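**Student:** My questions concern the predicted model and sequence given below.
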Amino acid sequence: MESQLFTMQKRKFVENNIFLIDAVGALLSGTLLLVVVTPLYQEFGMPKKVLYWLSAIAYAFSLYSFCCAFTKSDQRLLLLRVIAVANYIYCILIVILLIINEPTLTLLGLAYFIGEITVIICLASLEIRIASSPNAAT
């Protein structure tokens with residue numbers, strides 16, 4: 001019973017803070033791309049210009065999610081679906097860029113982007129699950 005209560009409290013915490021979780025994750029992603037990956041672009045095998053654009057997109061997603069986190073709106077579930085779909089599209093974009101840049105892509109670059117895609121897909125799936133829940137708290 002106590003374990004079930006803790007699980008319910010944890011679920012409510014995630015539901016209430018999902019936009020902040022997304023915002024911080026996107027901010028971290030954008031910063032890693034800009035501060036770590038871009039200066040070492042040759043080690044990752046992805047062109048600088050592509051890395052700058054991916055970083056800019058991540059920062060835009062972060063701004064969106066921060067704004068949503070502090071917005072009191074009846075449309076929060078719709079806003080959550082929007083960022084979830086945007087996250088999926090971002091992952092598709094990364095896959096396309098990996099294919100296009102395959103000749104120069106290194107194992108380190110492949111590992112980094114596969115890791116990023118994995119984290120983002122997990123987050124977006126959680127966002128969709130929360131947005132589709134009949135008793136979502138957001």
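**Tutor:** Yep, that arrived.
**Student:** Can you give me the distance of the most centrally placed residue in the chain to Leu126?
**Tutor:** Among the residues of the chain, the one closest to the centroid is Ile120, at 4.2 Å (CA atoms, centre = their mean). Ile120 is 11 Å from Leu126, where distance means CB to CB, to the nearest Å. Yep, even glycine has a C-beta here, placed from its N, CA and C like the rest.
**Student:** which residues in this protein form helices?
**Tutor:** 2-31, 41-44, 48-69, 76-100, 107-132 (DSSP state H).
**Student:** so what's the closest residue to Ala23 other than its chain neighbours up against?
**Tutor:** Ranked by CB to CB, 6 or more residues apart in numbering and with sequence neighbours excluded, the top spatial neighbour of Ala23 is Ser65, at 3.6 Å. Counting by CB atoms under 8 Å, 6 or more residues apart in numbering, Ser65 touches 19-20, 22-23, 26, 83.
**Student:** Next one, pLDDT for Ser65 please.
**Tutor:** Ser65 is assigned 96 on the pLDDT scale.
**Student:** same question, Glu15
**Tutor:** 73.
**Student:** Equivalent analysis for the one 5 residues further on, please.
**Tutor:** At Leu20, the model reports a pLDDT of 95.
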